[in-house]
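A.B. asks: From the sequence below, what's the structure:
(2 chains)
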Amino acid sequence: MATRRTPPPLANISDNLLEVKNLTVDFISASKAPVRAVEEVSFVIPRERTVALVGESGSGKSVSALAIMGLLPPQNSKIAIHSRIEYDNRSLLNLSRFDWQLIRGSRIAMIFQDPMTSLNPVYTVGFQLAEMLKVHKRMPNKEAMQRACALLEEVGIPEPQRRVNAYPHELSGGQQQRVMIAMALACEPELLIADEPTTALDVTVQRQILLLLAELRERRRMAMLFITHDLGLVSEVADHAVVMRKGTVRESGPVRTLFANPQDPYTKALLSCRPSVERQGKRLLTIDDWMGSNSAAQVPNIDLSDASPQIESAVDGPAHAVQEKPLLEVQALRKVFKRSGEWFKSDDFVAVDNVSFKLMRGQTVGLVGESGSGKTTVGLCLLRLHQATAGKVLFDGQNLFDMSHQQFAAYKRRLQIVFQNPYASLNPRFTVGEILSEPMQLHGIGSGQADWDKRSLALLDKVGMPASALKRYPFEFSGGQRQRIAIARSLSLSPEVVVLDEAVSALDVSVQAQVLNLLKDLQQELGLSYLFISHDLEVVRYMSDTLLVMNKGQVVEQGNAAHIYAQPQHAYTQTLLAAVPQMPSSVGPAIA
Amino acid sequence: MNSMHSSIATGTSEGAWSQAWRRFKSDAVGVWSGITVILCLILVLFTLLGSLAANWEKEVAIGHAPPSWTLTDSDRIDASSGSAGSLPNVVLYEPTPTDVVDPIAAQWELVQKAVKPAGDQVNALATHLPMGSDKWGRDVLAKTIKGAETSILVGLAAAFMATILGAALGAVSGWYGGVVDDLSNWLYNVFHSIPGILLILAIAAVLNTKGTMAVVIILGTTGWTGTYRLMRGEYLKHRHRDYVRAADAIGASNNRRMFVHILPNVSHVILVQFSLLTVSCIKAEVILSFLGFGVPVDGVSWGTMLTEAQNDLLVGKWWQLLSATAAMSIFVTGLSLLTDSLRDALDPKVIH
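C.D. replies: Numbers count the residues shown, from 1 in each chain, chains lettered A, B, ... in the order given. Down below sits the predicted model:
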């Protein structure tokens, strides 16, 4: 992409389209002290360039974008007096509602993360597009519909003449996002603000949308503010990047220099905490490794030397394991969801078909696929949280699916699961202590409350949580901390196999690295076997020994993880791997 | 990993309920309506113990004595001048006008003497009372307080019954689904398809027993549908939540997941439903008693008071109506406002 796009040299750019200076935003609430969401943020967006705002959740990137669009709720947010936002040398602060109408949509347009909720489900996409044109450009109805058609064609929707009459739910997620982009482009804006436009999409679709955005930006000579948490994307789409953390700008500059030679420890940490080929088999560097001390370069080195001998032993593992009997063996697993179709016809949906694999003790099987591939269903079937339609799961030679509920209860101890969303998987009315001691209570482990508390404390310690967490409720913790609690709960029964169902997908990259490290440590320490389910190819590669690639309920490729990544055989695996956004290669060695 | 712990403040943490309580306390309307409701409940407690309005059936004033605050100054002087010095607001029962010939005056006097010692002021009747008196000279204020006891207790008991019924049925139906769900939905549809008042009257006619308990049963068996629908929806929603799945994965039984895991997360719905139902049951009791299906004639409730007030109004005696409706408005409005505040305070979207 970088070669296709030929931006004009920097010197030719005479002026900046948007200037943000010392933007400071406070959120006010009646009961609490004001919270500073953004502090002294300054950046510029030159004409016809793409600037990326990068940061994790809570970094203030979206708040900055909303401030630019004048969309912050006026009753409980306050922009400091000395802040300035100038668009085309004109201040955007304190504009009247009427003035905003002339700017929003027609000069600055915005696309949001989730296209599903941004489109009105009761109107056709053509109607919604035409409405924009009618309101802003005062186009007559017929002309507006024609223009809507042309726009859909421009954003790469097939058969635009037909699709213009489609309702949002008839389109796929990628197509919906294309429609959102078409709506944003309808009035030919000069600045397009894209707030995490591809986060809700599968990796292959993400690639298409990125290509489309880059192409449109160039063709329409727009400027773009691209907001993302994914540094890999930044290197592909943006000219400039602004790295934010906790409401402040940590570092900003041209993307190439920023990636080649990051100055700020936080940027360095962000660049290094994603799993990638170079870091395969090594411990991931977390934010703390970088931010912990001033001489940031030294800490990771110590860490690396610590970790590497352990990893080698882990690499040795598979060689021994080949002779062993598999701990868990799945044979021809099939799951069909019953649906009633038309009269007397069933319209059954085959979610999983003919999935077989073996999981050795102390190893990790990775299950990777896009949304709807059936990978989560496999995990839920293993624990009998879904009733499998056919197939066998042999756990230590015993078929789990043949067992009665009483027989299976004993195996629940040995087979545990960690769910994707730590905000949903912990009962909000239980304290952490109750959450951790409940499994032991149910399975008759330990004796009495005092013993359970002792064991819970040991578990908390194992996952790196303080003892004070015991009496607290889940909502008092951040996402990463909650996921640690969920992991501690799954460990409370001393299981042998843990199914990790997208266990790190909902977490910020830096937290993700911490949790991945924790999982690796626990595997080493307790000899756990993991079934690691994820849509994230990099993470799965980092974690897994063997790998299954799933597509539409079928396993399309299966084998040694390293081999598959090196030489994908199946066409689907190849597209999947090609779609993963890559960090510029120069970064890797510079960090390591 | 070291720095992440710093975000956790030290000290004890509060659960969802104490958070809700804190939010509730900051809501002035909620607090005042809560105080009103609690005062009413204390009143009911006192009447139950017999220390208040126990003698409501006693004839303490002349029939249809007006409320004292409606009397003009001249009325008041008239009233006081006509009475025996030390007891200004009391007239003796004796005086029979001398200029009218009373055919039974002699017998009447004999009867009076037989029943009560002469000159005793027990049968002294007031000409006016704080809230007036009814046809038989009973104190309307005492009646209202006693009526509150009946109405509120019936409302609470019926609402309790309906909530328990609806919540249990809804939980089972939403959790198990399948045939259980179909059957309870059928029952729900049957109950819900018949207009409320008609159903209440039909059941009242079938039961054919009058009395406070009958009213409770009638309202309890007809009022559960709303709670059922909400609880079924909550259980349908929650049973596929990850935390319930996680409980399944660690081996929690059906009952445990239903009651230990999900119930605390939906209990706010039950609480709000209960106070909503109390309001509607009180209103329904009033309607039932008004129509003559409710509280028996020897009892008093706001409903029976309204029935009597109907006839009183024809002769221009409005105070019984005012007293009953005012009391009912205060309690029902207080309870409704309290419900609103409770709902706001317990909103799970705020609680996490």
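A.B. asks: what comes into contact with the one helix or strand residue A:451 maps to?
C.D. replies: For residue A:451, the enclosing helix or strand under DSSP states H and E is helix A:448-462. When contacts are defined by Cβ atoms under 8 Å, 6 or more residues apart in numbering or on different chains, helix A:448-462 is touched by residues A:432-433, A:436-437, A:440-441, A:445-446, A:466-467, A:469-470, A:485, A:488-489, A:491-492, A:522, A:525. All C-beta spots, glycine's among them, are computed from the backbone N, C-alpha and C.
A.B. asks: Quick one: distance of that helix to the chain centre.
C.D. replies: What separates the centre of helix A:448-462 from the centre of its chain is 33 Å, taken as Cα atoms, centre = their mean, to the nearest Å.
A.B. asks: could you dump that helix to CSV, C-alpha only?
C.D. replies: Below are the C-alpha coordinates for helix A:448-462, written out as CSV (Å, rounded to 0.1, in the frame of the first residue of the first chain):
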residue,chain,number,x,y,z
GLY,A,448,-14.7,-24.4,55.4
GLN,A,449,-14.5,-20.7,54.7
ALA,A,450,-11.1,-20.1,56.2
ASP,A,451,-9.5,-22.8,54.0
TRP,A,452,-11.3,-21.5,50.9
ASP,A,453,-10.1,-18.0,51.6
LYS,A,454,-6.5,-19.2,52.0
ARG,A,455,-6.7,-21.1,48.7
SER,A,456,-8.3,-18.1,47.0
LEU,A,457,-5.5,-15.9,48.2
ALA,A,458,-3.0,-18.3,46.8
LEU,A,459,-4.8,-18.3,43.5
LEU,A,460,-4.9,-14.5,43.4
ASP,A,461,-1.2,-14.4,44.1
LYS,A,462,-0.6,-16.9,41.3
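A.B. asks: List the buried residues for it?
C.D. replies: A:452, A:453, A:455, A:456, A:457, A:459, A:460, A:462 (16 or more other Cβ atoms under 10 Å in any protein chain shown).
A.B. asks: What of stretch B:238-246?
C.D. replies: Neighbour count says stretch B:238-246 has B:238, B:239, B:241, B:242, B:243, B:244, B:245, B:246 buried, by 16+ other Cβ under 10 Å.
A.B. asks: and that stretch, how far out from the chain's middle?
C.D. replies: Using Cα atoms, centre = their mean, the offset of stretch B:238-246 from its chain centre is 38 Å.
A.B. asks: What average pLDDT does that stretch get?
C.D. replies: For stretch B:238-246, the mean pLDDT works out to 88.
A.B. asks: Is residue B:281 within a helix or a strand, and which one?
C.D. replies: If you go by DSSP H and E, residue B:281 is part of helix B:263-291.
A.B. asks: Surely residue B:131 is in contact with residue B:70?
C.D. replies: No - with contact defined as Cβ atoms under 8 Å, residue B:131 does not count as touching residue B:70 (10.1 Å).
A.B. asks: With neighbour numbers in mind, choose between those two.
C.D. replies: Of the pair residue B:131 and residue B:70, residue B:131 is the one with more neighbours under other Cβ atoms under 10 Å in any protein chain shown, namely 22 against 11.
A.B. asks: now the more buried one: how far from chain A?
C.D. replies: Relative to chain A, residue B:131 is positioned 42 Å away (Cβ to the nearest Cβ, to the nearest Å).
A.B. asks: Pretty sure that residue sits in a helix.
C.D. replies: No - going by DSSP: H, G, I helix; E, B strand; the rest coil, the assignment for residue B:131 is coil, not a helix.
A.B. asks: Quick check: the residue most central in space within chain B vs residue A:333, distance?
C.D. replies: For chain B, the residue whose C-alpha lies nearest the mean C-alpha position (Cα atoms, centre = their mean) is residue B:152; its distance is 2.4 Å. Using Cβ to Cβ, to the nearest Å, residue B:152 is found at 60 Å from residue A:333.
A.B. asks: How about residue A:368?
C.D. replies: According to Cβ to Cβ, residue A:368 stands 16 Å off from residue A:333.
A.B. asks: From chain B, how far out is residue A:531?
C.D. replies: The gap separating residue A:531 from chain B is 13 Å, by Cβ to the nearest Cβ.
A.B. asks: again with residue A:208
C.D. replies: Counting by Cβ to the nearest Cβ, the gap between residue A:208 and chain B amounts to 31 Å.
A.B. asks: Can you mark which positions in stretch A:480-495 are buried?
C.D. replies: Under 16+ other Cβ under 10 Å, the buried positions of stretch A:480-495 are A:480-493, A:495.
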